[in-house]
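J.: Make a model of this:
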Amino acid sequence: MHRIRAGIIRGGPSSEYDNSLKTGANILKHLPPDKFSVRDIYIDKSGVWYMHGIPSTPHEVLNHLDVVINGLHGHYGEDGKIQQIFEQHGIPFTGSDSFASAIGMNKKLAKDVYKKEGIKTPESRLIESLAEVSKEAHKVFRTFSPPMVVKPNRGGSSHGITIAKDFTAFDEAVRKAYEHSGSVLVEEFINGKEANCVVVDGYRGQDFYTPPPIEVRGNDHFSPGLFTDKEKGEISSMAIRAHKALGLKHYSSSDFIVHPKRGVFILETDSQPSLAEESLFPKALRSVGASLTHFLEHIIDLALNKK
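T.: Next up is the predicted model:
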């Protein structure tokens, strides 16, 4: 039986290097060896590619593969850059294409897409120039009532995100966020229950499958979450609409806030969610009895068949 030559790419130059290593390790753990000839491809923090522990070029690596499972997160891994390399080499890969990845990674552009599609999202302002932080910070601070959320405009995970309750904290938060991105997004703070919802293309007989939303309380996750049926329906619907509107492929996850009176707001969508064992995505799959192995085989099939 021919085994598919599958390359799992992990590591990378972003601040999410450690999380990427965990994602890659969990993918390696769950790919059945009778179906896949697995190649562990490591990219170090300076961007050098390795296969079998030997420094290699992307061309040398990709030339020996049938498909790539992208386990990178953050800068380079989910902002369209590595996707462009895959596309230039004509290699099938899991996840979204370069254009959709770049849009999804830019929180302001993603929010513009949400608004165009009528998907409710918190009001926000973008601070684009570090040189004008003091001037812009005062202007933006007067736009919203504290507290407010300050986050890097480009970036994954929760790196650099602060909830600022006064101007001193706000100014510090903006400067901190600039350490992670060339622009900063300031967002109105909405107090409510946090939720995360996964979307998988063509899974379990549905064009877009969503397991029940997970409720997030700090470091605690409840799957399924304690939401009303109406809230669950709105969260799932909005996750699918965001996935489609952003042009994402294969899988994604979106974060939400559920306010008791104002309803459900989408915060952001992750085109390359973590697949580490303790992360939300595998927990969402387990909550409906789906294994990570089955999911991985599914998205590899989508990639190979260019779906």
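J.: got the buried residues for stretch 272-281?
T.: Q272, P273, S274, L275, A276, S279, L280, F281 (16 or more other C-beta atoms under 10 Å). C-betas here are computed from N, CA, C, even on glycine.
J.: Name the nearest residue to the fourth one, ignoring sequence neighbours.
T.: So that's L275. What sits nearest to L275 in space, not counting adjacent residues and going by C-beta to C-beta, 6 or more residues apart in numbering, is T23, at 4.6 Å.
J.: Quick check, pLDDT for that neighbour.
T.: Note for T23: predicted pLDDT of 97.
J.: begin at 421 from here
T.: Understood, numbering begins at 421; the last thing we discussed is T443.
J.: what's the helix or strand for it?
T.: Taking DSSP states H and E as the definition, one finds T443 inside helix 437-450.
J.: Tell me where the stretch 421-570 of the chain has helices.
T.: 437-450, 478-482, 501-509, 518-525, 527-536, 553-561 (DSSP state H, counting those that start in this stretch).
J.: okay, these, which one's buried deepest?
T.: helix 518-525 (a mean of 21; mean count of other C-beta atoms under 10 Å).
J.: Just list what that helix packs against, helices and strands only.
T.: helix 501-509, helix 527-536 (3 or more C-beta pairs under 8 Å, 6 or more residues apart in numbering; DSSP states H and E).
J.: Could you list the low-pLDDT ranges of this structure?
T.: For the chain, the stretches with pLDDT under 70 are 421, 550-554, 556, 576-578.
J.: Mind checking which residue lies nearest the centre of it?
T.: Geometric centre of the chain, nearest residue: D690, 2.3 Å, by C-alpha atoms, centre = their mean.
J.: distance of that residue from Q503?
T.: As judged by C-beta to C-beta, to the nearest Å, D690 and Q503 stand 15 Å apart.
J.: and what of S565?
T.: For S565, the distance to Q503 - C-beta to C-beta - is 39 Å.
J.: got it, and D640?
T.: 33 Å.
J.: quick one on the thing from earlier: now distance to I677 too, for the helices and strands packed on helix 518-525, in CSV please.
T.: CSV is the format used below for those (distance: least, C-beta to C-beta, whole Å):
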stretch, distance to I677
helix 501-509, 29
helix 527-536, 13
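J.: quick one, strands of the stretch 471-620 of the chain?
T.: Along the stretch 471-620 of the chain, counting by DSSP state E, counting those that start in this stretch, strands occupy 474-476, 487-490, 544-547, 568-572, 582-584, 604-608, 613-623.
J.: which one of the ones you listed is the most hemmed in?
T.: Most buried among those, counting by mean count of other C-beta under 10 Å: strand 487-490, with a mean of 25.
J.: Tabulate the CA atom coordinates of that strand in PDB.
T.: C-alpha atoms of strand 487-490 as PDB (Å, rounded to 0.1, in the frame of the first residue of the first chain):
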ATOM      1  CA  VAL A 487       1.200  17.100   1.200                       C
ATOM      2  CA  VAL A 488       2.100  19.500   4.000                       C
ATOM      3  CA  ILE A 489       0.300  19.700   7.400                       C
ATOM      4  CA  ASN A 490       1.000  23.200   8.600                       C
END
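J.: I'd like to check what contacts that strand. Which residues are they?
T.: For strand 487-490, the external contacting residues (C-beta atoms under 8 Å, 6 or more residues apart in numbering) are 424-429, 447, 451, 461, 482, 497-498, 502-503, 506, 511-515, 692, 716, 719-720, 723-724.
J.: Can you flag the buried ones in these?
T.: Using 16+ other C-beta under 10 Å, the buried ones in the contacts of strand 487-490 are 424, 426-429, 447, 451, 461, 482, 497-498, 502-503, 506, 511, 513-515, 692, 716, 719-720, 723.
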